[in-house]
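Trainee: structure, please.
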Amino acid sequence: MPTTPIFAAMEKTMDLLVADFTEHLSVAIEIADKFKLDAVPEFNNVLICGLGGSGIGGTILSQLLADHCSVPVQSSKDYTIPAFVDGKTLVIACSYSGNTEETLEAIDHAIEQGANIACISSGGKLSDMAVQNNWPLITVPGGLPPRAAFGLTIVQLLKLAEAYGMTSPKWKSQVEKAIAYLNSNEQSIRATARQLAESIQSKLPIVYTSNWLEGVATRWNQQISENSKGLSWHNVYPEMNHNELVGWASGTHDLSVIYLTSSFDHPRVSKRMELTETVIRKKTPHIHHYSAKGDSKIEQALHLIHLGDWMTVYLAEYKGADSIEIEVIDWLKDSLAKF
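Mentor: Numbering: from 1, shown residues only. This is a model prediction of the structure:
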């Protein structure tokens, strides 16, 4: 698979990249279909290493697998890895550029601790390591900002989960159903996203959701930061009810709450959200509800991610921000390279 851009991505603005989401998913399925795993090693646990736009897929995958995978799956976003990693651990490294320094150091530790390693990348040092060590490697097209490559990488994570026996092949049909839904409802999704962006442009957004959707809520935070150049935070139910609920004593009208809900939410979680909202409404009237669409968790997660991505593009527009530039991250990387 070539490492050169196939989407002429660097010439595109973020709105065009978000519009390409379903195309990315479709291309990713074609890539995944070609991947074959020679042998499946015995493993007792899984660690997915990655950061930022390359790392959020690991968080989301771990939550998608939690209700049916028989081994624990954990995501890691650091230079180091847990002490439990050993010869019975599958470590999946996901770095879109292939040069994420934290992920590369984590993989060095994984080698030292004897782990089985598989990789997802568009090239760079990680791909070189995979080739040199004969690790399973799925190569995706390069040239996108990592956060815009989510559609490419999440599909490869699902493919690896299937190949290693963590999930069934039905993920593919679920992604295809999500593609069909998003394509058919693109205009209404964009209209909803724009309306939300307009409503919260002068507010501090708080994203609340259920535990299994925490990765999706994190994605919303990340996109608000990178695309919209703003701050936000998220929390999950029921945990939020054991601490943050009390903090709403200092809530103000400057806060805007976004509820991301799902048909897979536990009934008691839904009731907790309903009751908690009565407390929040005493402090701010700015509360928004969005229900995930789709018959599976994969479909619902992809719907909410696409809605959030569009919302952050429009929020950047309302704030007069450039949704694609990340100069401060580039400055930090350049500064770190001197040490």
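Trainee: next secondary structure element downstream of the longest helix along the chain?
Mentor: Determined from DSSP state H, the single longest helix within the chain is helix 297-319. Remark: after helix 297-319, the chain's next helix or strand is helix 327-336, criterion DSSP states H and E.
Trainee: for R194, give its distance to K319.
Mentor: According to Cβ to Cβ, to the nearest Å, R194 and K319 sit 13 Å apart. (C-beta placed from N, C-alpha, C; glycine too.)
Trainee: so for the two, which sits in the more crowded spot?
Mentor: R194 (17 against 14; other Cβ atoms under 10 Å).
Trainee: excluding its backbone neighbours, what's nearest that one?
Mentor: Nearest residue to R194 in three dimensions, chain neighbours excluded: Y314, at 4.6 Å (Cβ to Cβ, 6 or more residues apart in numbering).
Trainee: what residues are up against the one you found?
Mentor: A193, R194, L196, A197, E198 (Cβ atoms under 8 Å, 6 or more residues apart in numbering).
Trainee: again with Y96
Mentor: Y96 neighbours (Cβ under 8 Å, 6+ apart): G53, S54, S121, S122, V140, G142, L144, P146, A149, L152, T153.
Trainee: so the third one versus Y79, what's the distance?
Mentor: When distance is defined by Cβ to Cβ, S121 is 18 Å away from Y79.
Trainee: the first one now?
Mentor: G53 sits 18 Å away from Y79, taking Cβ to Cβ as the criterion.
Trainee: tell me which of the two has more neighbours.
Mentor: Remark: of G53 and Y79, G53 carries more neighbours, 22 against 15, as counted by other Cβ under 10 Å.
Trainee: quickly find the element holding the more buried one.
Mentor: Assigning secondary structure by DSSP H and E places G53 in helix 52-65.
Trainee: that helix - contacts with which helices or strands?
Mentor: Where contact means 3 or more Cβ pairs under 8 Å, 6 or more residues apart in numbering; DSSP states H and E, helix 52-65 is packed against strand 45-49, strand 73-76, strand 89-94, helix 150-163, helix 214-226, helix 297-319.
Trainee: output those as JSON lines; include the columns mean pLDDT.
Mentor: Output for the helices and strands packed on helix 52-65, formatted as JSON lines (pLDDT from 0 to 100):
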{"stretch": "strand 45-49", "mean pLDDT": "98"}
{"stretch": "strand 73-76", "mean pLDDT": "98"}
{"stretch": "strand 89-94", "mean pLDDT": "98"}
{"stretch": "helix 150-163", "mean pLDDT": "98"}
{"stretch": "helix 214-226", "mean pLDDT": "98"}
{"stretch": "helix 297-319", "mean pLDDT": "98"}
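Trainee: among these, which comes closest to L61?
Mentor: Nearest of the helices and strands packed on helix 52-65 to L61, taken as Cβ to Cβ: helix 150-163 at 4.6 Å.
Trainee: which of the residues in the helix or strand that the closest one is followed by are buried?
Mentor: Sequence-wise, the next helix or strand downstream of helix 150-163 (DSSP H and E) is helix 171-184. If you call a residue buried by 16 or more other Cβ atoms under 10 Å, then helix 171-184 has these buried ones: W171, K172, Q174, V175, K177, A178, I179, Y181, L182.
Trainee: chain center to helix 171-184, what's the gap?
Mentor: 17 Å (Cα atoms, centre = their mean, to the nearest Å).
Trainee: list the contacts of that helix.
Mentor: 21-22, 25-26, 29, 32, 155, 158, 161-162, 189, 293-296, 298-299, 302-303, 306.
Trainee: tell me the domain ranges of the protein?
Mentor: 9-169, 186-319 (automatic domain parsing).
Trainee: what would these look like in CSV with distance to F339?
Mentor: Below are those laid out as CSV (distance: least, Cβ to Cβ, whole Å):
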stretch, distance to F339
domain 9-169, 11
domain 186-319, 24
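Trainee: out of the ones you listed, nearest to L336?
Mentor: Nearest of the domains of the chain (Cβ to Cβ): domain 9-169, 7.5 Å.
Trainee: now the residue nearest the centre of the chain. Nearest residue, chain neighbours left out?
Mentor: For the chain, I56 is the residue whose C-alpha lies nearest the centre (Cα atoms, centre = their mean; 3.4 Å). Spatial nearest neighbour of I56, chain neighbours left out: R219 (5.2 Å); criterion: Cβ to Cβ, 6+ apart.
Trainee: thank you, goodbye.
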